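Asker: quick one, fold the following:
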Amino acid sequence: MKPADYFREIVEPTIGEFIAEPKDVRRAYLACVVTFHFADAAAVHAKRKPHQVEDELKGLAPDFQIVGDVTNLAKHLELNPQYRRNQGRPLPKVADVHIGPQAAFDDGTSWDDAEDVVRIRDGHGRLVDLRDCVRMSCDAIKKYLTRSDMQ
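Answerer: So this is what the prediction gives:
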């Protein structure tokens with residue numbers, strides 16, 4: 001399966017389902033998993049290392065890191081601070097994933113009538129709307145797919 005096919009057939013519909021149900025933790029986790037693993041599909045296609053593609057996608061959308069963290073939390077329930085790529089950075093915890101009001105401001109606070117969404121408290125303590133993270137990551141993937149090595 002080419003990266004564009006993986007994106008169109010798996011990533012986009014899964015993100016769409018989560019966006020339609022922004023309080024569904026299962027859909028949030030699945031959207032993060034398939035979005036983050038686009039890097040694997042792209043790496044196989046381009047005969048590169050997945051971490052190289054991950055780093056490039058993080059350059060296009062810094063919140064791709066949060067998508068990756070949630071992907072690993074969904075599998076392991078805890079991120080290993082000794083793992084090479086985790087060393088020296090604050091790590092979110094599975095207990096930091098919850099449903100709460102959509103943040104209206106950079107400090108994570110919201111309007112009283114804000115929509116409830118799946119959020120995570122990132123390693124720095126900032127409340128993050130996972131829907132925004134997967135949307136930004138989706139946009140980064142669309143841009144990434146325009147590269148000549150993705151054709």
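Asker: surely residue 52 meets residue 43?
Answerer: Yes: the pair residue 52 / residue 43 is scored as a contact, 7.0 Å apart, by Cβ atoms under 8 Å. C-beta coordinates here come from the backbone N, C-alpha and C atoms, glycine included.
Asker: any idea of the mean pLDDT for stretch 32-40?
Answerer: What stretch 32-40 shows for mean pLDDT is 97.
Asker: what lies in contact with it?
Answerer: For stretch 32-40, the external contacting residues (Cβ atoms under 8 Å, 6 or more residues apart in numbering) are 3, 6-7, 10-11, 14-15, 50-51, 53-54, 57, 64, 67-68, 70-71, 74, 130, 133-134, 137-138, 141.
Asker: in PyMOL, select just the buried ones from those.
Answerer: Of the contacts of stretch 32-40, the buried ones go into a single PyMOL selection, burial set by 16 or more other Cβ atoms under 10 Å:
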select buried, resi 3+6+7+10+11+14+15+50+53+54+57+64+67+68+70+71+74+130+133+134+137+138+141
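Asker: if we can go back for a sec, quick one: which of residue 52 and residue 43 has more around it?
Answerer: For residue 52 versus residue 43, the count of surrounding residues by other Cβ atoms under 10 Å is larger for residue 43: 18 against 13.
Asker: quick one: residues contacting the residue nearest to the more buried one when sequence neighbours are not counted.
Answerer: Excluding its sequence neighbours, the residue lying closest to residue 43 (Cβ to Cβ, 6 or more residues apart in numbering) is residue 50, at 4.3 Å. Applying Cβ under 8 Å, 6+ apart, we find residue 50 in contact with 39, 40, 43.
Asker: so where do the strands sit in the protein?
Answerer: Ranges of strands in the chain, per DSSP state E, are 97-101, 116-121, 127-129.
Asker: flag whichever of the ones you listed has the least confidence on average.
Answerer: Note on the strands of the chain: lowest mean pLDDT is at strand 97-101, with a mean of 85.
Asker: give the pairing partners of it; include direction for each.
Answerer: The pairing partners recorded for strand 97-101 under DSSP bridges are strand 116-121 (antiparallel).
Asker: show me what the lengthiest helix in the chain packs onto, helices and strands only.
Answerer: Ordering each helix of the chain by length in residues (DSSP state H) puts helix 130-144 first. Secondary-structure packing of helix 130-144 (3 or more Cβ pairs under 8 Å, 6 or more residues apart in numbering; DSSP states H and E): helix 12-20, helix 25-36, helix 50-60, helix 64-76, strand 116-121.
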